[in-house]
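J.: Starting from these lines, generate the structure:
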Amino acid sequence: SASGSLIAASTALFDGGSVIFALFYSLTDAGSLDLETCWLGYAGAVLLVLASGAVLWPSAPFEPPPDTDVDAVFGNPDDDTA
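T.: Below you'll find the predicted structure:
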């Protein structure tokens, strides 16, 4: 599912986060980029992951626990008992 793919991608990016710091060091040490530009790029990647979740699942960006009554939490538009 798309939710599982996004979670897997987010986990892989988080696990690969240590690589980005080595890259930051190399780029700033060589004088190719300043530290502020590196951190802005990193913050942009984090915001991109956050925004993708909000765009893909606007009403429920976080998956409820398996035993949660989803209709009770988010409402059921087909339920006329309210």
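J.: can you list contacts of the longest helix along the chain?
T.: Ranked by residue count under DSSP state H, the longest helix found in the chain is helix 35-56. Residues from elsewhere that reach helix 35-56 (Cβ atoms under 8 Å, 6 or more residues apart in numbering): 2, 3, 6, 9, 10, 13, 20, 24, 27, 28, 61, 62. Placement of C-beta: from N, CA and C, glycine included.
J.: From these, which land in helices?
T.: Counted as lying in helices by DSSP H, out of the contacts of helix 35-56, are 2, 3, 6, 9, 10, 13, 20, 24, 27, 28.
J.: give me every residue that touches the fifth one.
T.: When the contact criterion is Cβ under 8 Å, 6+ apart, the partners of residue 10 are residue 49.
J.: Quick check: it vs residue 17, distance?
T.: Distance, residue 10 to residue 17, by Cβ to Cβ, to the nearest Å: 11 Å.
J.: measure residue 32 to residue 38 for me?
T.: Residue 32 is 10 Å from residue 38, where distance means Cβ to Cβ.
J.: To clarify, my last question referred to residue 26.
T.: On the measure of Cβ to Cβ, residue 26 and residue 38 end up 10 Å apart.
J.: Of those two, which one has the most company?
T.: Taking neighbours as other Cβ atoms under 10 Å, residue 26 and residue 38 compare with residue 38 leading, 18 against 11.
J.: Just the pLDDT for the more buried one.
T.: Residue 38 is assigned a pLDDT of 84 by the prediction.
J.: Any regions of this protein where pLDDT drops low?
T.: 1, 60-82 (pLDDT under 70).
J.: And the residue nearest the centre of it?
T.: Compute the mean C-alpha point of the chain, and by Cα atoms, centre = their mean the closest residue is residue 49, 3.2 Å away.
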